[in-house]
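1. How does the following fold in three dimensions:
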Amino acid sequence: MAIISSPRTIGVCGIGQIGLALGLACWRSGYRVWLYGRNPQKLESARQDLAKMDQWMASEFPGKTLHYGELVYTSDLGPIDREADLVVEGIAEDMAVKVGLWEALASAAARGAILCSTTSGLSISEMGKLSGFPAQVIGTRFWNPPHLMPLVEVVVGAGTAEETVQTSMRFCRHIGKEPVRVNIDAPGFIGNRMLHAMWREAISIVERGIASAEDVDTVAKMTFGLRLPVVGPLENMDLVGLDLVHTIHSYLLADLSANHGPGQLLNELVRKGQLGMKSGSGFYDWSKRAPATLIEARDRQIARELKRLREEKHAPDLGDDKPD
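-> Presented below is the predicted three-dimensional model:
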């Protein structure tokens, strides 16, 4: 059985934020898309949400010639099983649920379809093994908000075929994303390993009374956050000089958090039900803040930075060609 190398019909499973964003990206770049949601009642609201997202993208990035494909909403997996060349899932972050989906798409797998998981940390190797289609299962970790963030971590499982990797990376580029290859299926892949290391230390700083949550966030936003779009951490170390980095590490690392589990402050907040924005409080009192305003500001900042990166050829854009 040959793995499909030039996908034309894409199945997107899940109508949450990830699924809608992926459906939009595939549709805007010329693919025929089946967008699956198991609840028929939610499909209409998903249709409206996707239309709003498309309008927002058109207003933020005007003047781009797009080759819209065909977008079909469905609550039946049958068309995806029969027709899809590549399937991307954006469903619950549960191994059994994801494996169950791949098992339900056995006909697609038998035809050589590629099966992409957007998991943020589950083992792709284990997922491929349990599904019975290890050569075709691959990780495509899109970052939130996925309609804007350009990067995709392409995670190679122990049994993933090289053709699956190459086709998946071409697919990501065609929908305007920048794929990076994750050679080892390590927990958290690349981005989450770095992000959660920073989060662990941020929590520790507040827990130890070194600084307030507000000041920790201000430091991140007003220092290294400003240069990260252009200078990555390893580039920054080379610019600083590795001898100086070595000196700083010799005294600083011993004082950083080395927790191998959630820190005391995080445990306490979760125990009290202070879960962040969704519960009204966490590190901040969200009854006194406007989450929608913050999210809108976040998205517009990402859009501004993405425009600049594209102008300077540091970030991908949608391809001008239609799918092969």
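2. Which parts of stretch 89-105 count as buried, going by neighbours?
-> Buried residues in stretch 89-105, counting neighbours by 16 or more other CB atoms under 10 Å, are found at 89-91, 98-99, 101-102, 105. No exception for glycine: its C-beta is placed from N, CA and C like everyone else's.
3. meant to ask about stretch 305-320
-> Of the residues in stretch 305-320, those buried (16+ other CB under 10 Å) are 305-306, 309-310, 315-316, 318.
4. And stretch 119-139, by the same measure?
-> Buried positions in stretch 119-139, judged by neighbour count with 16+ other CB under 10 Å: 119-120, 122-131, 133-139.
5. where are the low-confidence patches of the chain?
-> Residue ranges of the chain with pLDDT under 70: 318-324.
6. run the last query once more with 90
-> The chain contains residues with pLDDT under 90 at 1, 40-41, 61-67, 121, 144-147, 229-230, 306-324.
7. mind giving me the domain split of it?
-> 9-189, 191-289 (automatic domain parsing).
8. Just say which of these is most tucked in.
-> Counting by mean count of other CB atoms under 10 Å, domain 9-189 has the highest mean neighbour count of those, with a mean of 19.
9. if we can go back for a sec, mind checking which of the buried residues of stretch 119-139 land in helices?
-> Judged by DSSP state H, the buried residues of stretch 119-139 include 124-131 as members of helices.
10. Now flag whichever of those residues is closest to residue 193.
-> Among those, residue 124 lies closest to residue 193 (CB to CB), at 15.1 Å.
11. wait, the closest one sits on residue 157?
-> Yes. Contact criterion CB atoms under 8 Å: residue 124 and residue 157 qualify, at 3.7 Å.
12. could you say what helices and strands whichever strand or helix holds residue 51 packs with?
-> Element membership for residue 51, per DSSP states H and E: helix 40-60. Under the contact definition 3 or more CB pairs under 8 Å, 6 or more residues apart in numbering; DSSP states H and E, helix 40-60 sits against helix 17-28, strand 70-74.
13. Compare those and give me the one nearest residue 294.
-> That would be helix 17-28 among these, by CB to CB, at 15.9 Å.
14. So what touches the closest one?
-> Outside helix 17-28, the residues within contact range by CB atoms under 8 Å, 6 or more residues apart in numbering are 10, 12-13, 15, 33, 35, 37, 46, 49-50, 53-54, 57, 66, 68-71, 88, 90-91, 118, 142, 144-147, 175-177, 318.
15. Now do it: distance to the chain's middle.
-> Remark: helix 17-28 is offset 12 Å from the chain centroid, using CA atoms, centre = their mean, to the nearest Å.
16. ok, back up a step: of all the domains of the chain, which lies closest to residue 299?
-> When the domains of the chain are compared for distance to residue 299 using CB to CB, the nearest one is domain 9-189, at 6.1 Å.
17. just to revisit the earlier point, how about the buried residues of stretch 89-105, which pair is most distant?
-> Based on CB to CB, the longest span within those runs between 90 and 99 and measures 15.3 Å.
18. Need the contact partners of stretch 191-211.
-> Stretch 191-211 has contacts (CB under 8 Å, 6+ apart) with 120-121, 141, 143, 151, 153, 186-188, 212-213, 216, 219-220, 233, 256-257, 259, 263-266, 283.
19. Now with 6 Å, please.
-> 213, 216, 256-257, 263, 265-266 (CB atoms under 6 Å, 6 or more residues apart in numbering).
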